[in-house]
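Student: can't give you the sequence, but here's the structure:
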């Protein structure tokens with residue numbers, strides 16, 4: 001393994017140059033001819049490659065939180081699979097946070113009307129970056145709040161309390177195509193609530209789980225706590241949050257909370273980068289990507305194993321068709337999207353001077369629900385250039401094209417700020433947040449036929465960008 005790392009941990013542009021020396025003479029690329037786009041679509045729709053890779057990652061490895069053995073195994077598994085496709089693989093070193101979940105229990109021990117000898121269990125999961133209670137736990141009154149405004153108005157009551165932010169996920173909004181907005185509203189309390197409570201002297205913070213399908217599942221995620229103020233913080237199920245809110249209306253409520261996570265020193269990991277060198281413009285790059293890490297509660301089938309597998313399948317489809325792009329298509333499996341985005345920042349630092357050579361970048365990180373098309377941060381005048389791609393994707397119902405000034409799609413945000421146009425699938429997310437960041441994000445939630453449509457969209461888009469004649473430019477994204 002050490003020898004393999006020496007061979008492949010090369011500067012990314014050096015990998016491309018080396019690859020070009022070994023590429024045999026090829027027939028002219030079919031480019032963006034409608035027949036070629038149709039062949040790409042149809043080949044993707046007939047392949048189970050992405051399903052097989054998703055199955056490998058979820059069933060053989062499971063959870064892949066940064067710094068864990070699972071994350072390391074995923075790096076090896078994906079790199080080996082990409083080498084088998086003939087891609088030139090680079091393992092880009094990344095220092096990642098290493099947070100380890102410990103014991104996590106909650107118990108309601110005092111409340112008005114409690115029968116003698118009775119306590120009630122609360123189902124919860126520690127939030128990433130949470131601090132720890134004493135090993136024996138802590139007992140404190142619970143202060144139930146419905147908003148940040150209420151936190152401010154009741155600031156004098158916070159000290160010494162466990163603060164519960166009881167803010168419901170807006171499933172009505174999610175059902176009508178606005179799941180991302182609903183998640184953003186709820187996750188603001190998960191990211192900022194514990195930190196704000198800590199600043200006011202809280203001894204612990206609880207957040208109602210950010211997601212739908214109230215089946216008493218806790219939804220974890222990053223807490224946003226600062227290094228010098230890591231109070232114990234956890235997500236509680238929607239049902240338990242509602243229970244505590246009802247009990248608090250009856251009178252004083254106290255909880256025993258035990259959380260024993262550890263924030264360990266940063267660990268060594270990697271972005272997995274694989275290149276299919278371009279035949280005419282090898283120094284120009286089109287990224288197709290997903291993030292390799294997942295939270296530790298589940299194998300992260302939707303978030304983001306199936307998306308990584310879809311990006312891998314781009315190379316499989318093009319290999320089967322023996323299609324070589326004009327520009328280099330670069331696969332990236334980002335490390336540490338969930339609790340730090342260190343992989344993205346490492347790549348950006350390495351490629352900052354080369355950002356202008358990145359023609360476009362695709363990232364999938366909203367699950368693999370039914371795809372309807374693309375969001376893109378291209379110039380307004382460039383929208384019409386994508387009509388042939390839309391026509392090729394119309395037979396599978398994935399021909400929507402939504403232009404936005406800024407996508408801010410996680411791992412691509414830095415490249416987008418540097419002027420690289422970003423692309424992301426438009427997918428049905430109405431049920432995605434039912435299992436997002438929960439133990440329920442498992443392989444059985446992925447539909448194989450829908451996954452093939454996802455591959456078709458990703459492959460056709462990557463190919464189209466790699467062969468475009470016209471400059472599409474970034475939109476109105478400000479340059480750093």
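Tutor: All right, it came through fine. Note that this is a predicted model, so its numbers are computed, not measured. Numbering: from 1, shown residues only.

Student: any idea which helix or strand comes after the helix or strand containing residue 349?
Tutor: Assigned by DSSP states H and E, residue 349 falls within helix 342-351. For helix 342-351, the following helix or strand on the C-terminal side (DSSP H and E) is strand 358-363.

Student: contacting residues for residue 291?
Tutor: Each residue near residue 291 by Cβ atoms under 8 Å, 6 or more residues apart in numbering is listed here: 304, 307-308, 333-338, 343, 365, 410-411. (C-beta placed from N, C-alpha, C; glycine too.)

Student: how about a cut-off of 10 Å?
Tutor: 64, 271, 300, 303-305, 307-308, 332-338, 341, 343-344, 363-365, 410-411 (Cβ atoms under 10 Å, 6 or more residues apart in numbering).

Student: One more: residue 189?
Tutor: 145, 147-148, 151, 165-167, 196, 205, 207-208, 210, 235.

Student: Counting only helices, which of the contacts of residue 291 make the cut?
Tutor: 307, 308, 343, 344 (DSSP state H).

Student: Can you get me a residue count around residue 411?
Tutor: Per other Cβ atoms under 10 Å, the neighbour tally for residue 411 reads 27.

Student: Which residue, other than its chain neighbours, is closest to it?
Tutor: Using Cβ to Cβ, 6 or more residues apart in numbering and skipping residues adjacent in sequence, the residue nearest residue 411 is residue 344, 4.0 Å away.

Student: got it, and residue 279?
Tutor: Nearest non-adjacent residue to residue 279 (Cβ to Cβ, 6+ apart): residue 324, at 5.0 Å.

Student: The one you found and residue 106: what is the separation?
Tutor: According to Cβ to Cβ, to the nearest Å, residue 324 and residue 106 sit 56 Å apart.

Student: Now do the contacts for the spatially most central residue of the chain.
Tutor: Centrality entry for the chain: nearest residue to the mean C-alpha point is residue 365, 4.6 Å, by Cα atoms, centre = their mean. Residues in contact with residue 365, defined by Cβ under 10 Å, 6+ apart, are 289-291, 302-304, 307-308, 334, 337, 409-412, 424-425.

Student: and the end-to-end length of stretch 375-383?
Tutor: 11 Å (Cα to Cα, to the nearest Å).

Student: Buried residues of it, list them for me.
Tutor: 375, 376, 377, 378, 379, 382 (16 or more other Cβ atoms under 10 Å).

Student: got it, and stretch 189-205?
Tutor: Quick answer for stretch 189-205 (16+ other Cβ under 10 Å): 189-198, 200, 202-205.

Student: pLDDT of it, averaged?
Tutor: Here stretch 189-205 scores 97 as its mean pLDDT.

Student: next one: it to chain centre, how far?
Tutor: 24 Å (Cα atoms, centre = their mean, to the nearest Å).

Student: what does stretch 108-126 give?
Tutor: On Cα atoms, centre = their mean, the centre of stretch 108-126 falls 35 Å from the chain's centre.

Student: quick one: terminal-to-terminal distance for it?
Tutor: 17 Å.

Student: Could you list which residues are in contact with residue 257?
Tutor: Taking Cβ under 10 Å, 6+ apart, one finds 104-107, 122, 124, 133, 137-140, 142, 162, 203-206, 232-234 in contact with residue 257.

Student: what's the helix or strand for it?
Tutor: strand 253-259.

Student: Return the per-residue confidence for residue 224.
Tutor: For residue 224, pLDDT reads 89.

Student: ok, now the one 5 residues further on?
Tutor: Predicted confidence (pLDDT) for residue 229: 91.

Student: Can you list phi and psi of the nearest residue to residue 332 once chain neighbours are set aside for me?
Tutor: In space, not counting the residues next to it along the chain, residue 332 is nearest to residue 289; the distance is 4.1 Å by Cβ to Cβ, 6+ apart. Residue 289 adopts backbone torsions of phi -160, psi 170, taken as degrees, to the nearest 10.

Student: can you check residue 235 too?
Tutor: phi -90, psi 130.

Student: residues in contact with it?
Tutor: Residue 235 touches 123-127, 130, 165, 189-190, 206-211, 217-221, 223, 241, 437-438, counting by Cβ under 10 Å, 6+ apart.

Student: Which ones among these map onto helices?
Tutor: Those of the contacts of residue 235 lying in helices (DSSP H): 189, 190, 241.

Student: which of those residues lies closest to residue 453?
Tutor: Checking these against residue 453 with Cβ to Cβ, the nearest one is residue 190 at 31.1 Å.

Student: and the closest residue to that closest one other than its chain neighbours, how many residues sit next to it?
Tutor: Counting by Cβ to Cβ, 6+ apart, residue 207 is the residue found nearest to residue 190 once chain neighbours are left out, at 4.8 Å. When neighbours are counted by other Cβ under 10 Å, residue 207 registers 30.

Student: and if you look at residue 177?
Tutor: Neighbour tally, residue 177, other Cβ under 10 Å: 13.

Student: I'd guessed it sits against residue 402; true?
Tutor: No. Taking contacts as Cβ atoms under 10 Å, residue 177 lies outside contact range of residue 402: 11.4 Å.
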